[in-house]
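Student: here are the coordinates; sequence isn't available:
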């Protein structure tokens, strides 16, 4: 086990880039889902065989789809509609999305080499699929 500080080159997104294999699978439980974070790993996600996602129940606005206060630079690119379409198509084609009856306090990313194989790496802790990054370190287990 090691601690990811989620800064510099020791970020959750870097761990996903290093561990996700084409034809592999990803299980995600996340308290938030940003289109801009999706765009960062869109290429990786498109090569996966499957993805299972658990999101908190509630309104779409609470997910943070258009990012937070620090995402102005992403919003200024005026790609929001295009990203939403890309994300929607990917979700419909590759992902199984479920809703949690309660809010999710922490995130979890479980990476597998093949669908139904045991996890090869897990990232758990104060992380979400957003560009903000967690306020505290996250644990990564290989």
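Tutor: Alright, I've got the coordinates. Predicted model, so just to flag it, every value in this text is computed and none were measured.
Student: and the lowest mean pLDDT element among the helices and strands of the protein?
Tutor: Least confident helix or strand of the chain, by mean pLDDT, DSSP states H and E, is strand 138-141 with a mean of 55.
Student: what ranges does this structure have for its strands?
Tutor: Listed in chain order, the strands of the chain (DSSP state E) span 2-4, 25-29, 50-56, 95-100, 107-112, 119-125, 138-141.
Student: give me the distance between the helix ranked longest in the chain and the centre of its chain.
Tutor: Secondary structure of the chain per DSSP state H: the longest helix is helix 80-94. With C-alpha atoms, centre = their mean, to the nearest Å as the basis, helix 80-94 stands 14 Å off its chain's centre.
Student: residue 120: neighbour count?
Tutor: Using other C-beta atoms under 10 Å, residue 120 is surrounded by 17 other residues. Bear in mind the C-beta positions are built from the backbone N, C-alpha and C, glycine included.
Student: tell me the contacts of it?
Tutor: The contact partners of residue 120, by C-beta atoms under 8 Å, 6 or more residues apart in numbering, come to 19, 111, 112, 113, 142.
Student: what bits of this protein have low per-residue confidence?
Tutor: Scanning the chain for pLDDT under 70 picks out 5-6, 59-61, 64, 133-142.
Student: apply 50 and report the result again.
Tutor: 134-137 (pLDDT under 50).
Student: tell me the contacts of residue 132?
Tutor: Going by C-beta under 8 Å, 6+ apart, residue 132 touches 34, 68, 70.
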